[in-house]
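**Q** next come a sequence and a model predicted from it.
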Amino acid sequence: MNLSQLANDRILDQPVYEPGKPIEEVAREFGLHLDQICKLASNENPWGASELAKQAAIQALEKVHLYPDGSAHALTERLATLHSLNPSQFVLGNGSNEIIELLGHVFLEPGDELICGEFAFVVYKLVALLMGAKPVEVPMPGLAHDLNQMKSAITDRTKLVFLPSPNNPTGTANTEEEIFQFVRSLPEHVIFCFDEAYAEYLDSPPDLRPLIEEGRKVICLRTFSKIHGLAALRIGYGYSSPEMISLLQRARQPFNVNSVAQAAALGALQDSAWVTQCKKRNQDGLEQLAQGLQDLGIEYVPSHANFILSKPGNGRSLFLELQKQGIITRALGPLLSDYLRISVGTEEENIRLLTALEKACSVYGAKL
Ligand SMILES: *Cc1c(COP(=O)(O)O)cnc(C)c1O
């Protein structure tokens, strides 16, 4: 009997998440120097983290021989103040991805259904499959989440509905009004997870706290990986009702969020000026990319986040060709094979990308 035969039924069929290609890997494969390469593949903050966050992280290194505060007391208190909620309404995760998985552990039984959009962030589907649940992928006309269709997909087996807004990889967003209406129409056995990974890039992100307050089964997820520039440290959080949070706390590892990440997150929250500045720079970068794509005659989806979904045709080939020129972007699955997701970079990186894309398109005769 070989080892794989001992694995549970699901694991051999479990799709593997394909992350943004690391700079080191592209350097090795294409014989490039590390600092010739720019990564516009994972929606990271190209201006990095706030100095306050980095200083706090460095200071925390002095204590790395000690286990972290498993309850993340200081950070939780700070988040509670920031959101005007009670500390009992927060759970921290090793990235908000961990909280998506915790939701699976807590709520999904084999055979249950999880509803998500067909072009939504792929991790929801992966978690459903890992738990033996059924991902129900709802059509997204115009690449945006259609809440009416999501509503129609609900059955007696539906446990979780995921809505990322702005969505990755499409950059589309839903309005507060339609979300409120949708959530208030959900049956009692359905939990609504609102993934706010890109909320800070919106001028007025939907505020779902009134829904939590009135007892709806809602959880909101935030991350420090995007505008806060702390992707490497793996930290995110969820806020919801105390009852929801205490269930999720049972499913997590005791020290799931390390002390350097906790310290850096606290530092990041102190520096709201940095967040404001990065938001502004991102807005400029989005306009630069949109204009550049338009000049090249490449279609794109108007974005509310820190990346843009372009449609140059031949996504996979262009992804490869761009790497030869030291630029990492993101090709997508078979349903979006004509598309390329490009994260907003610095002004210089965006210029480099647009120049390289023009060249790459001419190599592949993509529609220009
Ligand atoms: C990047 C991203 C996250 C955050 O992931 P982390 O685990 O916090 O790094 C969550 N949801 C979506 C839709 C994202 O794009």
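**A** Structure's in. What do you need?
**Q** need the helices for the stretch 151-300 of the chain, in chain order.
**A** In the stretch 151-300 of the chain, helices defined by DSSP state H, counting those that start in this stretch lie at 176-184, 209-213, 242-251, 259-270, 272-296, listed in chain order.
**Q** buried residues, the first one. List them.
**A** Taking 16 or more other C-beta atoms under 10 Å as the neighbour-count basis, helix 176-184 is seen to contain the buried residues 179-180, 182-183. (Glycine included, C-beta is placed from N, CA and C.)
**Q** same thing with the fourth one?
**A** Using 16+ other C-beta under 10 Å as the test for burial, helix 259-270 gives 259-269.
**Q** export that helix as CSV, just CAs?
**A** Taking Å, rounded to 0.1, in the frame of the first residue of the first chain, the C-alpha atoms of helix 259-270 are listed here in CSV:
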residue,chain,number,x,y,z
SER,A,259,4.7,38.6,17.4
VAL,A,260,6.6,40.4,14.6
ALA,A,261,3.4,40.5,12.6
GLN,A,262,1.3,41.7,15.5
ALA,A,263,3.8,44.5,16.3
ALA,A,264,4.1,45.6,12.6
ALA,A,265,0.3,45.7,12.3
LEU,A,266,0.0,48.0,15.3
GLY,A,267,2.7,50.2,13.8
ALA,A,268,0.8,50.2,10.5
LEU,A,269,-2.4,51.3,12.1
GLN,A,270,-0.6,54.2,13.7
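**Q** between helix 272-296 and that helix, find me the angle.
**A** Helix 259-270 runs at 80 degrees relative to helix 272-296, counting by axes from the mean of the first three to the mean of the last three C-alpha atoms, to 10 degrees.
**Q** which bits of the stretch 1-150 of the chain sit near the ligand?
**A** Among all residues of the stretch 1-150 of the chain, those adjacent to the ligand (criterion: C-beta under 6 Å from any ligand atom) are 43, 95-97, 121.
**Q** skipping its backbone neighbours, what lies nearest Thr158 in space?
**A** Sequence neighbours aside, Glu113 is the residue nearest to Thr158 in space, at 4.7 Å (criterion: C-beta to C-beta, 6 or more residues apart in numbering).
**Q** distance check, the one you found against Leu126.
**A** 15 Å (C-beta to C-beta, to the nearest Å).
**Q** quick revisit: show only the entries of the residues of the stretch 1-150 of the chain next to the ligand found in helices.
**A** Counting by DSSP state H, those place 96-97 in helices.
**Q** mind putting the residues of the stretch 1-150 of the chain next to the ligand into CSV with pLDDT and neighbour count?
**A** As requested, these are exported to CSV (pLDDT from 0 to 100; neighbours: other C-beta atoms under 10 Å):
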residue, pLDDT, neighbour count
Asn43, 98, 25
Gly95, 98, 23
Ser96, 98, 24
Asn97, 98, 21
Phe121, 96, 19
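**Q** which non-adjacent residue is nearest whichever residue of the chain sits closest to the ligand?
**A** The nearest approach of the chain to the ligand comes at Gly95, 2.4 Å away (C-beta to the nearest ligand atom). Nearest residue to Gly95 in three dimensions, chain neighbours excluded: Arg234, at 4.5 Å (C-beta to C-beta, 6+ apart).
**Q** ok, the one you found - how many residues close by?
**A** Residues within reach of Arg234, counting by other C-beta atoms under 10 Å, total 20.
**Q** contact residues of the stretch 151-300 of the chain facing the ligand?
**A** Within the stretch 151-300 of the chain, the residues that sit near the ligand (C-beta under 6 Å from any ligand atom) are 164, 168, 195, 197, 223, 225-226, 231, 236.
**Q** between those residues, which sits nearest Phe307?
**A** Nearest to Phe307 out of these is Asn168 (C-beta to C-beta; 7.2 Å).
**Q** give me the pLDDT for Thr81.
**A** Model confidence at Thr81, given as pLDDT, is 98.
**Q** what's the local residue count around it?
**A** Thr81: 11 surrounding residues under other C-beta under 10 Å.
**Q** roughly how far does it sit from Val257?
**A** When distance is defined by C-beta to C-beta, Thr81 is 19 Å away from Val257.
**Q** over to Leu286?
**A** From Leu286 over to Val257 (counting by C-beta to C-beta), the distance is 31 Å.
**Q** more crowded one of the two?
**A** The residue with the greater number of neighbours, taking Leu286 and Val257 and applying other C-beta under 10 Å, is Val257; the counts read 27 against 22.
**Q** residues contacting the more buried one?
**A** Counting by C-beta atoms under 8 Å, 6 or more residues apart in numbering, Val257 makes contact with 68, 72, 92-94, 234-235.
**Q** done for today, thanks.
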